[in-house]
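1. Let me see the structure of the following:
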Amino acid sequence: LKQKASRAAMSHYGRTFRSKVAHHKVRVPDQFYGFMHTGLLTPELVATLVARLPEGISELMCHPAHMDDTLRQYKTRLKESRVNELETMTSPTVRE
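-> Sure, this is the predicted structure:
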């Protein structure tokens, strides 16, 4: 529910952002994925996203990482999901 509410707010701000960057001729991706999937990326989901990409430039937000002392000290609830995202992004399903 929190991610859906955040997405709705980001969609609103995204429209304003796009008009501002276009005005200043800043290049940005045509599509952005992953915000709503924070901590939930799986190989199957990434493969589905890739298979359905529209024409243009797309960005997938993810934060893959190895669990090390630096990550263990971070104050974030997403430590384990970063390890899962590394496994996801290097999985055979995603590579295919």
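
2. Using CSV, write down the CA coordinates of the helix or strand of the chain with the lowest mean pLDDT.
-> Scoring the helices and strands of the chain by mean pLDDT, DSSP states H and E places helix 2-23 at the bottom, with a mean of 78. Extracted in CSV, the C-alpha atoms of helix 2-23 (Å, rounded to 0.1, in the frame of the first residue of the first chain):
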residue,chain,number,x,y,z
LYS,A,2,2.8,2.4,0.9
GLN,A,3,4.6,1.7,-2.4
LYS,A,4,1.3,2.3,-4.4
ALA,A,5,0.8,5.6,-2.6
SER,A,6,4.4,6.6,-3.3
ARG,A,7,4.0,5.7,-6.9
ALA,A,8,0.9,7.9,-7.2
ALA,A,9,2.8,10.8,-5.7
MET,A,10,5.8,10.2,-7.9
SER,A,11,3.6,10.0,-11.0
HIS,A,12,2.3,13.5,-10.2
TYR,A,13,5.8,14.9,-9.7
GLY,A,14,7.1,12.9,-12.7
ARG,A,15,4.9,14.9,-15.0
THR,A,16,6.3,18.2,-13.6
PHE,A,17,9.8,16.9,-13.7
ARG,A,18,9.5,15.8,-17.4
SER,A,19,8.3,19.2,-18.5
LYS,A,20,11.2,20.9,-16.6
VAL,A,21,13.9,18.6,-18.0
ALA,A,22,12.5,19.0,-21.5
HIS,A,23,12.6,22.8,-21.1
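
3. Show me what the helix or strand following that helix pairs with in its sheet, parallel or antiparallel.
-> The helix or strand immediately downstream of helix 2-23 is strand 31-33, counting by DSSP states H and E. Partners of strand 31-33 in the sheet, by DSSP bridges, are strand 58-60 (parallel).
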